[in-house]
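A.B. asks: Generate a structure from the sequence data that follows.
(one chain, ligands or ions: 2)
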Amino acid sequence: MTDCIFCKIANKEIGTDLIYEDEEIVAFNDINPQAPIHILVIPKKHIPSVVDLSDEDEALIGKMYTVIRKLAKKYNIEESGFRIIVNCKEDAGQEVPHLHFHILAGKKLGTKIV
Ligand code: AMP
Ligand code: ZN
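C.D. replies: Ligands and ions are numbered 1, 2, ... in the order given. The predicted structure is shown next:
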């Protein structure tokens, strides 16, 4: 999608440092980190949100978790732990309409979900 900031990052139209890349997925640091480690994992394909996934995206979502697992190892947070957040649309406060998984880590994140 031409006007999507995360598509531009994935297509390297914006010079964001990628901390992971394969054919289908990229990851990069959040520009406004909410924890010492705050990574965004996104599919290269423009999918606005979870409700826009189709059956053919099942393998892609499985792969997103494989990437998260690799990043957990790379950032040494396998034992200490981390939180994965996926906001979907307005009530969740989704700001960027391109599916993304937040990985938050590096401090105690608290126990409240909202
Ligand atoms: P959400 O509220 O779930 O849509 O999260 C969007 C996230 O994208 C926020 O945490 C922003 O800080 C982050 N963000 C927006 N623009 C950029 C960018 N150019 N590079 C990295 N992170 C970004
Ligand atoms: Zn996009």
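A.B. asks: in the protein, what spans have low per-residue confidence?
C.D. replies: Counting by pLDDT under 70, the chain shows no low-confidence range.
A.B. asks: Quick one: the strands in it, in order.
C.D. replies: 18-21, 25-29, 37-43, 83-85, 101-105 (DSSP state E).
A.B. asks: hmm, the third one touching ligand 2?
C.D. replies: By that I understand strand 37-43. No. If you take C-beta under 5 Å from the ion as the test, strand 37-43 misses ligand 2, and the best it gets is 7.9 Å. In this view, the C-beta of every residue, glycine as well, is placed from N, C-alpha and C.
A.B. asks: Mind giving me the packing neighbours of that strand?
C.D. replies: In terms of contacts (3 or more C-beta pairs under 8 Å, 6 or more residues apart in numbering; DSSP states H and E), strand 37-43 is packed against helix 5-10, strand 25-29, helix 58-74, strand 101-105.
A.B. asks: same thing but 6 Å
C.D. replies: Contacts defined by 3 or more C-beta pairs under 6 Å, 6 or more residues apart in numbering; DSSP states H and E place strand 37-43 against strand 25-29, helix 58-74, strand 101-105.
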